[in-house]
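Trainee: let's see this in three dimensions:
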Amino acid sequence: MEVDGRRWRFRRVAALLGGLWLAGADLAPEIRAESAGAGSRLAALYPQDGRRDMTGADVARFPGAGVLYCHRPDGVPQKAAAAWLIGDPSVVVLNAHNFRNRRMEVTRAIADCYFHIGGRNYDFVVESLHLGTAPGAIALHITDDWAILRLAEPVVGATPQAVPTAPNLREGVVDLPVTMVSPGGHENYRGPSSLESCRIRQIDPPSEDGIRRARHDCNDGYGGSGSGLFDEAGRLVAIQSASLSMNSRRSFDPDFHYGSAFLIEGQLLDAIQKK
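Mentor: Next up, the predicted model:
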């Protein structure tokens, strides 16, 4: 149980940040993937941890699942986050905070990164970057934490994820079963990739880009940004942005301990459809 003073501090910080909690947003380019000790690999967000390794059948079920790799300062490529091939063999959707921090400062160059899927690597067209933030924006939020990039050549041997339809979800408290698919895995999980059955527990009103935040109880770890949340029909409904209190193994709380994903709707869905 948290003391009242600690709850007050959480509330004050949340108000000052305007609801922005981008895990890793100020940590790029490394996303802290190698800075955590071995103990964190046994940790999770919640007391329950149902993650398991992805299988070949899972890859077939979620064909657009890919991974963003970026080069460290010493030139060694490093897994950075999940990324999705959606609707077109050359269109990739991922988090904006892979390239910008919450103050919209550049944290890594697109030319230093590539998309990995189906055992092959693909370069990005640097000039194709489409950020979810408005022109001139000075802050990055959960609901505009998205980006679209075009590949220099189309992917072969892997099928793009179908273009999603706008999720028909009411706002407020919900109980929606989902599967979080994390092709890039998490630094606090033993395997190279994972998926977990979990639930979206609350849908917030629309904010930036006409997009709503989904608060969920899916386990997350550094490197898990961009993980996809799929409903029971296999539809991609949301993309993971950030989580609170990483590795704390505390119970879900809709105000103080939850994961944040943005629904695929509003300007993001419009941009995907136009690509």
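Trainee: ok, which stretches of the stretch 151-275 of the chain are strands?
Mentor: Per DSSP state E, counting those that start in this stretch, the stretch 151-275 of the chain carries strands over the ranges 172-182, 194-203, 213-216, 228-230, 236-243, 259-263.
Trainee: okay, those strands in CSV with mean pLDDT, mean neighbour count and distance to N188 next?
Mentor: Using the backbone N, CA and C atoms, a C-beta is placed for each residue, glycine as well. CSV is the format used below for the strands of the stretch 151-275 of the chain (pLDDT from 0 to 100; neighbours: other CB atoms under 10 Å; distance: least, CB to CB, whole Å):
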stretch, mean pLDDT, mean neighbour count, distance to N188
strand 172-182, 97, 18, 11
strand 194-203, 97, 20, 10
strand 213-216, 97, 25, 17
strand 228-230, 98, 25, 19
strand 236-243, 94, 26, 11
strand 259-263, 96, 27, 13
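Trainee: could you dump the ones you listed to CSV with distance to K274?
Mentor: Putting these into CSV (distance: least, CB to CB, whole Å) gives the following:
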stretch, distance to K274
strand 172-182, 25
strand 194-203, 25
strand 213-216, 23
strand 228-230, 21
strand 236-243, 18
strand 259-263, 18
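Trainee: among those strands, which is nearest G56?
Mentor: strand 194-203 (12.8 Å; CB to CB).
Trainee: show me the contacts for R201.
Mentor: Residues near R201 by CB atoms under 8 Å, 6 or more residues apart in numbering: 173-175, 215-217, 252, 254, 258.
Trainee: hmm, 7 Å instead?
Mentor: Residues counted as contacts of R201 (CB atoms under 7 Å, 6 or more residues apart in numbering) are 173-175, 215-217, 252, 254.
Trainee: now R213
Mentor: Going by CB under 7 Å, 6+ apart, the list of residues near R213 reads 142-143, 204, 260, 262.
Trainee: most widely separated two among those?
Mentor: Among these, D204 and F262 lie farthest apart (CB to CB), at 9.9 Å.
Trainee: what's the local residue count around G234?
Mentor: Neighbourhood size, G234 [other CB atoms under 10 Å]: 11.
Trainee: what about it, distance to W146?
Mentor: 21 Å (CB to CB, to the nearest Å).
Trainee: equivalent analysis for Q240, please.
Mentor: From Q240 to W146 the distance is 11 Å (CB to CB).
Trainee: any idea how many residues pack against S128?
Mentor: Residues near S128, counting by other CB under 10 Å: 17.
Trainee: nearest residue to it in space, please, no chain neighbours.
Mentor: Spatial nearest neighbour of S128, chain neighbours left out: R150 (3.8 Å); criterion: CB to CB, 6 or more residues apart in numbering.
Trainee: S182 is in contact with P192, isn't it?
Mentor: No. The criterion here is CB atoms under 7 Å, and S182 misses it with P192 at 9.8 Å.
Trainee: joint contacts of the two?
Mentor: With CB under 7 Å, 6+ apart, S182 and P192 have no common neighbours.
Trainee: show me the contacts for R170.
Mentor: Contacts of R170 (CB under 7 Å, 6+ apart): I203.
Trainee: now do the helices in the chain.
Mentor: Using DSSP state H, the helices found in the chain span residues 4-17, 56-61, 266-274.
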